[in-house]
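okay, sequence plus prediction incoming.
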Amino acid sequence: MSDPQEKKTCAQCRHFRRHYVCQGARRFIPLERGHCGCPRLRDKAADTPACARFSPAAGEGV
């Protein structure tokens, strides 16, 4: 069961797309930044509190 006090963040939302940086030929390092695609693109930090459009990502506590 999820804790009702648990804070929902952008990183847990299905609309959030994390940004990566390429290191070497085949290694990608995740950044703490990304963007939200609902309803338009907006830059977000992964730990930003979730907005009213929050929808859990697939596989997150389903």
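Here it is on my side, so go on.

C-alpha only now, for contacts and for neighbours.
Fine.

can you map out the strands along this protein?
In the chain, the segments counted as strands under DSSP state E are 16-23, 27-36, 42-45.

list the buried ones in the first one?
With burial defined by 16 or more other C-alpha atoms under 10 Å, the residues of strand 16-23 counted as buried are Phe16, Arg17, Arg18, His19.

circling back to that earlier point, rebuild the strands of the chain as JSON lines, extending it with distance to Ser55.
As requested, the strands of the chain are exported to JSON lines (distance: least, C-alpha to C-alpha, whole Å):
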{"stretch": "strand 16-23", "distance to Ser55": "10"}
{"stretch": "strand 27-36", "distance to Ser55": "12"}
{"stretch": "strand 42-45", "distance to Ser55": "16"}
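
need those in TSV (columns: mean pLDDT).
Putting the strands of the chain into TSV (pLDDT from 0 to 100) gives the following:
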stretch	mean pLDDT
strand 16-23	95
strand 27-36	95
strand 42-45	91
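
what's the burial count for the closest residue in space to Asp47 that isn't next to it in sequence?
Of all residues not flanking Asp47 in the chain, Thr9 sits nearest, at 5.4 Å (C-alpha to C-alpha, 6 or more residues apart in numbering). Close neighbours of Thr9, defined as other C-alpha atoms under 10 Å, add up to 17.

then Ala25?
6.

circling back: which one of the buried residues of strand 16-23 is nearest Ala52?
Taking C-alpha to C-alpha as the measure, Ala52 sits nearest to Phe16 out of the buried residues of strand 16-23, at 13.4 Å.

tell me which residues touch the nearest residue to the closest one once chain neighbours are set aside, please.
Nearest non-adjacent residue to Phe16, counting by C-alpha to C-alpha, 6+ apart: Cys36, 4.6 Å away. Counting by C-alpha atoms under 8 Å, 6 or more residues apart in numbering, Cys36 makes contact with Cys10, His15, Phe16, Arg17, Arg42, Asp43, Lys44.
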